[in-house]
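Asker: pasting the sequence and the predicted model now:
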Amino acid sequence: MDGRLSGGENVTLDFRHHPAVTLAEVAEAAGVGESTVSRVLRDHGSFSKKTRDRVMEAVERLGYVPNRIAGTLASAGSRLVAFVIPSLSNIVFPDVLRGASTVLEENQHQAVFSVTDYDPEREEALVAAMLAWRPTAVMLAGFEHSERTLKMLRASGCRVVELLDLDGTALDLAVGYSNRAAGRASAEFLLKRGYRRIGYVGHDLDRDTRAGKRFAGLSEALGAAGAPLADREIYAGGSSVESGRLGLERLLARRRDLDAVYFSNDDMALGGYFHCLAHGISVPSQLAIFGYNGLDIGRVTPQPLSTIRTPRVATGRIAAELVVTNAPPQVVDLGFELVEGATA
């Protein structure tokens, strides 16, 4: 195709697809057999420094990229670890991946991931696709999966790790904390501070089952204390700062008498906090704000966010350690930390 540089010079850009360089081509260029190239690239077996240098020079010159997945599948045991996660827009799941990736890399395991957007049918399709690669483990968020997903996981022969929740029955390994307990702890904190007219702003509770469990724990604790939830505003889409701002605006339009609002996570809570700043609502004297997750940004706002801090990086790290050590089935409760902050 034709193109033009910024200086006006006409150039021709060739975007034609070229076939991938093969192991056989590297072997021919280096003057050795394919098995020798394979040994050098895997750094396994016997070969001289001179042979290694010739192979690596050919690899560099030809731009060859080894097919690690093919190599993994051909080996005696797969080293792929598949993550099927709900979202990448929420920092929670990148934090989990960050915690796991270091351990997996140190133990020569390869992480691959896919995103469900909190859709059970999409999770089912992605689990099927991942299992086709015969991974050594599959890691998923929570315990709620379709019947077909559960059936595939049970029949897969690989390790299954369910993350970020303990309110359910684990298939194999589970690492996380109780979301219901986090909701109850949040309610107890607000009640202890003297708040009685408490509202809720959150996102889709049916799709995000862990948020639904926190909401249930919050509602149960408030009801038991004789101060049932005053009102709630549920945003139909995903959680975000913007949806938290809009959610609080709508909630306060109905219930101006609220003295505290619990948000499904810190993203939503920060949106609510920004709404208060923009409309001259004093926090927490006029309205208390409470979140969930303990995101770093919540610590550096003008008033640090009151929230629950969850051990996301540790969740990923410990989950990966259980996989690489082939630990027996177990449930690991990492707990959570209530951060008093300054908004409640």
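Answerer: On my side now, so go ahead. Numbering: from 1, shown residues only.

Asker: right, and Pro87 touches Asp117 too?
Answerer: No Pro there; residue 87 is Ser. Yes - checked against C-beta atoms under 8 Å, the pair Ser87 and Asp117 is within contact range at 6.8 Å. Every C-beta, even on glycine, is put in place using the N, C-alpha and C of the backbone.

Asker: the more surrounded of those two?
Answerer: Higher neighbour count among Ser87 and Asp117: Ser87, with 17 against 13, using other C-beta atoms under 10 Å.

Asker: thinking again about what came up before, what touches both of Ser87 and Asp117?
Answerer: Contact criterion C-beta atoms under 8 Å, 6 or more residues apart in numbering; residues shared by Ser87 and Asp117: Gly238.

Asker: domain map for this protein?
Answerer: As given by automatic domain parsing, the domain ranges for the chain are 2-66, 74-177+312-334, 179-309.

Asker: confidence-wise, which of those domains is weakest overall?
Answerer: Summarising mean pLDDT across these, the least confident stretch is domain 2-66, with a mean of 76.

Asker: just how off-centre is it within its chain?
Answerer: The chain centroid and the centroid of domain 2-66 are separated by 35 Å, computed with C-alpha atoms, centre = their mean, to the nearest Å.

Asker: repeat for stretch 197-215
Answerer: 18 Å.

Asker: now that stretch - C-alpha only, PDB.
Answerer: Taking C-alpha atoms only, stretch 197-215 is exported to PDB below (Å, rounded to 0.1, in the frame of the first residue of the first chain):
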ATOM      1  CA  ARG A 197     -30.200   5.900  58.100                       C
ATOM      2  CA  ILE A 198     -27.900   3.900  55.800                       C
ATOM      3  CA  GLY A 199     -28.300   3.600  52.000                       C
ATOM      4  CA  TYR A 200     -26.500   1.500  49.400                       C
ATOM      5  CA  VAL A 201     -25.100   2.300  46.000                       C
ATOM      6  CA  GLY A 202     -23.900  -0.600  43.800                       C
ATOM      7  CA  HIS A 203     -23.700  -2.300  40.500                       C
ATOM      8  CA  ASP A 204     -25.400  -5.400  39.200                       C
ATOM      9  CA  LEU A 205     -25.700  -7.800  42.100                       C
ATOM     10  CA  ASP A 206     -26.800 -10.800  40.100                       C
ATOM     11  CA  ARG A 207     -23.800 -10.700  37.800                       C
ATOM     12  CA  ASP A 208     -21.200  -9.800  40.500                       C
ATOM     13  CA  THR A 209     -22.200 -12.400  43.000                       C
ATOM     14  CA  ARG A 210     -19.400 -11.400  45.400                       C
ATOM     15  CA  ALA A 211     -20.900  -7.900  45.600                       C
ATOM     16  CA  GLY A 212     -24.300  -9.500  46.100                       C
ATOM     17  CA  LYS A 213     -22.900 -11.400  49.100                       C
ATOM     18  CA  ARG A 214     -21.500  -8.300  50.600                       C
ATOM     19  CA  PHE A 215     -24.900  -6.600  50.200                       C
END
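
Asker: list the buried ones in that stretch?
Answerer: For stretch 197-215, the buried set under the neighbour-count rule, 16 or more other C-beta atoms under 10 Å, comprises 198-205, 207-215.

Asker: again with stretch 186-200
Answerer: Within stretch 186-200, the residues that count as buried by 16+ other C-beta under 10 Å are 186-191, 195, 198-200.

Asker: which of those residues lies closest to Ser239?
Answerer: Ser239 has its nearest neighbour among these in Tyr200, at 13.0 Å by C-beta to C-beta.

Asker: tell me, how many neighbours does the residue lying closest to that closest one once chain neighbours are set aside end up with?
Answerer: Computed as C-beta to C-beta, 6 or more residues apart in numbering, the closest residue to Tyr200 that is not its neighbour in sequence is Arg232, at 4.0 Å. Applying other C-beta under 10 Å, we find 19 residues neighbouring Arg232.

Asker: the strand or helix carrying Arg232 packs against which elements?
Answerer: Per DSSP states H and E, Arg232 falls inside strand 231-234. When contacts are defined as 3 or more C-beta pairs under 8 Å, 6 or more residues apart in numbering; DSSP states H and E, strand 231-234 sits against strand 198-202, helix 241-254.

Asker: what lines up beside it in the sheet?
Answerer: Sheet pairing here is set by DSSP bridges, and for strand 231-234 it gives strand 198-202 (parallel).

Asker: and Val127, what does it touch?
Answerer: Val127 touches 84, 138, 140, 145, 149, 152-153, counting by C-beta under 8 Å, 6+ apart.
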